[in-house]
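Peer 1: Structure, please.
(one chain, ligands or ions: 1)
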Amino acid sequence: RVVAVIMVGGPTKGTRFRPLSLNVPKPLFPLAGQPMVHHPILACRRIPNLVQIYLIGFYEEREFALYVSAISNELRLPVRYLREDKPHGSAGGLYSFRDYIMEEDPSHIVLLNCDVCSSFPLPDMLEAHKRYGGLGTVLVIKVSAESANQFGELVADPVTNELLHYTEKPETFVSDRINCGVYIFTPDIFTAIQSVFTLRKETSNLRRMNSFEALQSATKTLPADYVRLDQDILSPLAGKKQLYTYETLDFWEQIKTPGISLRCSALYLAQYRHISPHLLATGNGSKSPTIIGDVYIHPSAKIGPNVSISANARIGAGVRLISCIILDDVEIKENAVVMHAIVGWKSSIGRWSRVQVSFILLSLHSHLPLPFLECKQKPGDYNAKLGITILGEAVAVEDEVVVVNSIVLPNKTLNVSVQEEIIL
Ligand code: GDD
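Peer 2: The predicted structure is shown next:
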């Protein structure tokens, strides 16, 4: 029996995802037309003997209630949201619900970060984990040496795949193999987390005896019940024949910023072609959008590539959409152009308007194949040079206005053209 747990974090975690996380929890932001968390859930569904999926986070319960009940019905599999009263860290959060998880008497626990985009090769990873016979197996991928330091870097034995060394976001280069935030554990993971708690207690008792040292380290001390999977579990257990790695050659991205979400949407749309082609628009499938009255679509008409249009969107005649996410209740009026952009809920784009990236970026976007399409945004860099344009909720772009490489916060009306700006 297998239980899957997806760590969804909470409102304080999704801040780099603003303005898109202002009115929907980041895990529910749609990628390829489905909430971000839906993609790992569907991947979990492919694991044999999966009995339950838990989402663990510190968002309000009501924010997930609707989604969780809909997905449980659709998959005929119990999916449940468990709310932490405060953040306990990625391992501490798992530990706080150990009684629920162990109720199912699982032989394996699949643990996933919600903010990664991947093909999640879970059944193959589970098979590998059983062969290795360790406490845990970590999904890893090779990335460029320059980008590796944004992640947990690790070294594995090329023959046995044992995890030999692990450093979280190191300052000096360790390895171009990184932790993908996807794990399989045996229930012994709870004992490993428990021993971190015990160790913490012992050191804090020691510190109490040595008040000078206590003063020095007070600022560095984490709350006793806060345990991070990477620093507190993976690092100390590396090289002890307990942890193993499984390398994926397929796609993987971390979804921290809105800029990267367009690319992840494209990756999932491309995956639909193989695993759920019925979800892709063909213009003639049973799941096609409503066509009102007599509509003729000329064979030369173009939409896409990489376009997701959400519920109740109204797209006028002569509109051109390329690489964009159009969210619920958006209206795009006649002859507008939207390229490399995310258009927030209830926004409207006027006639002959353009919402796009700069021409330099546009040529970059269109001439390079997808994997080389680097997002210009750096972690924490909340500015406009991100290679896409984002309109928050209920933004109105008036007729003939051009919006280039900008972020527009919710409820703004744009009646003049803007470039490389953040409209607050
Ligand atoms: N429920 C809950 N409670 N979830 C949490 C908490 C918590 O207290 N803290 C973090 N999370 C969730 C986040 O929402 C995210 O999905 C995941 O746990 C990991 O978040 P972080 O601990 O903030 O780490 P990170 O995303 O910067 O990096 C981790 O993931 C990378 C892969 O995406 C590390 O493990 C890296 O080594 C790894 O490369």
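
Peer 1: Distance of P223 relative to the ligand?
Peer 2: Distance, P223 to the ligand, by Cβ to the nearest ligand atom, to the nearest Å: 10 Å. The C-beta positions use only the backbone N, C-alpha and C, and glycine is treated the same way.

Peer 1: What strand or helix carries that residue?
Peer 2: P223 is part of no helix or strand when elements are defined by DSSP states H and E.

Peer 1: do E153 as well
Peer 2: For E153, the host element (DSSP H and E) is strand 152-156.

Peer 1: before we move on, what about T191?
Peer 2: Using DSSP H and E, T191 maps to helix 189-209.

Peer 1: and that helix, anywhere near the ligand?
Peer 2: No: against the ligand, helix 189-209 shows no contacts by Cβ under 6 Å from any ligand atom, the least distance being 12.8 Å.

Peer 1: ok, back up a step: can you spell out which helices and strands pack onto the strand holding E153?
Peer 2: Contact partners of strand 152-156 among helices and strands, from 3 or more Cβ pairs under 8 Å, 6 or more residues apart in numbering; DSSP states H and E: strand 136-142, strand 163-168, strand 177-185, strand 243-247.

Peer 1: The third one to strand 136-142, inter-axis angle?
Peer 2: Using axes from the mean of the first three to the mean of the last three Cα atoms, to 10 degrees, the interaxial angle of strand 177-185 with respect to strand 136-142 works out to 150 degrees.

Peer 1: Just the residues contacting strand 177-185, thanks.
Peer 2: Defining contact as Cβ atoms under 8 Å, 6 or more residues apart in numbering, one finds that strand 177-185 is touched by 108-113, 115-116, 118, 120, 122, 125-126, 129, 135-143, 148, 151-156, 166, 229-230, 234, 245, 247-248, 252, 254.

Peer 1: mean confidence for that strand?
Peer 2: This predicted structure assigns strand 177-185 an average pLDDT of 98.

Peer 1: all helices of the stretch 201-350 of the chain, in order?
Peer 2: For the stretch 201-350 of the chain, helices defined by DSSP state H, counting those that start in this stretch occupy the ranges 211-217, 235-237, 258-275.

Peer 1: Would you mark the buried spots in the second one?
Peer 2: Just to be clear, that refers to helix 235-237. For helix 235-237, burial by neighbour count (16 or more other Cβ atoms under 10 Å) applies to S235, L237.

Peer 1: what about it and the ligand, touching?
Peer 2: No: Helix 235-237 lies out of reach of the ligand by Cβ under 6 Å from any ligand atom, never closer than 10.1 Å.

Peer 1: other SSEs contacting that helix?
Peer 2: Applying 3+ Cβ pairs under 8 Å, 6+ apart, one finds that helix 235-237 contacts strand 163-168.

Peer 1: Give me the buried positions along the strand it packs on.
Peer 2: L163, L164, Y166, T167, E168.

Peer 1: strands paired with that strand, and their directions?
Peer 2: Strand 163-168 has the following strand partners under DSSP bridges: strand 152-156 (antiparallel).
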